[in-house]
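Enquirer: Could you look at this predicted model? Sequence included:
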Amino acid sequence: MMTTRHVVIDSPLGELTVVADGDALTGVYFRHHWHPPTAEALGECVRPAADELLRRAADQLLEYLAGERTQFDLPVTLVGDPRQRRIWDLLPGIGYGQTKTYGELAAELAGGTTAYEVGQAVGRNPLSIVVPCHRVVGKGGSLTGYAGGLKRKRFLLELEEPAPVTAGRLF
């Protein structure tokens, strides 16, 4: 039987609620998230040590937030309507340290998808950080809405900025 459950972990971005259903991660939510899940969608609260998948997810999130990891190796399931999933499917293609604008993603989707529609779907991405919606920016690189708040978006983008190449090499 598939069971939905969650853990709450402390992170540099504050409390994170990490949700899994069966053998896949289904949500990562910030405290005061714009579109929080219902209590029913969160399922039972468990201890990370008691759940292998949630423990791995918590470990990888903390490694990422400490600058020790650039990719996640976790099974995920994105729950949303077909239009949202089409947009969410583009997000993992935005590499670590890269950004794309809402308009660029809309153009990739074609079919009359607007930057506004991309923004609406990106804002409802249930897998914050793991599916990198923070890498989507406004025209000219402006920081626009983020379900976890702009301070968190700025933190994530600065975390991913490439380290400056050191001019002096020893050898």
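Expert: Nice, I can see it. All of these numbers come straight from a predicted model, not from anything done at the bench.

Enquirer: Using neighbour counts, pick out the buried residues of the strand or helix carrying residue 155.
Expert: Using DSSP states H and E, residue 155 sits in helix 150-160. Buried residues in helix 150-160, counted by 16 or more other CB atoms under 10 Å: 152-153, 155-157, 159-160. All C-beta atoms are positioned from the backbone trio N, CA, C, and that covers glycine.

Enquirer: for stretch 85-95, same thing?
Expert: Per 16+ other CB under 10 Å, stretch 85-95 contains these buried residues: 87-88, 90-91, 94.

Enquirer: Now do the same for stretch 15-23: mean pLDDT, whole number.
Expert: When pLDDT is averaged over stretch 15-23, the result is 95.

Enquirer: er, stretch 160-171 actually
Expert: 58.

Enquirer: and if you look at stretch 3-12?
Expert: Averaging pLDDT along stretch 3-12 yields 94.

Enquirer: ok, and what's touching it?
Expert: 15-22, 26-27, 41-48, 51, 54, 58, 61-62, 65-66, 155 (CB atoms under 8 Å, 6 or more residues apart in numbering).

Enquirer: Mind checking which of these are buried?
Expert: By 16+ other CB under 10 Å, those give 16-21, 26-27, 42-43, 46, 48, 51, 54, 58, 61-62, 65, 155 as buried.

Enquirer: Which of those residues fall in helices?
Expert: 42, 54, 58, 61-62, 65, 155 (DSSP state H).

Enquirer: In JSON lines: those residues, plus distance to residue 113 and pLDDT.
Expert: Formatted as JSON lines, those follow (distance: CB to CB, whole Å; pLDDT from 0 to 100):
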{"residue": "42", "distance to residue 113": "31", "pLDDT": "91"}
{"residue": "54", "distance to residue 113": "34", "pLDDT": "96"}
{"residue": "58", "distance to residue 113": "34", "pLDDT": "96"}
{"residue": "61", "distance to residue 113": "30", "pLDDT": "97"}
{"residue": "62", "distance to residue 113": "35", "pLDDT": "96"}
{"residue": "65", "distance to residue 113": "31", "pLDDT": "96"}
{"residue": "155", "distance to residue 113": "29", "pLDDT": "93"}
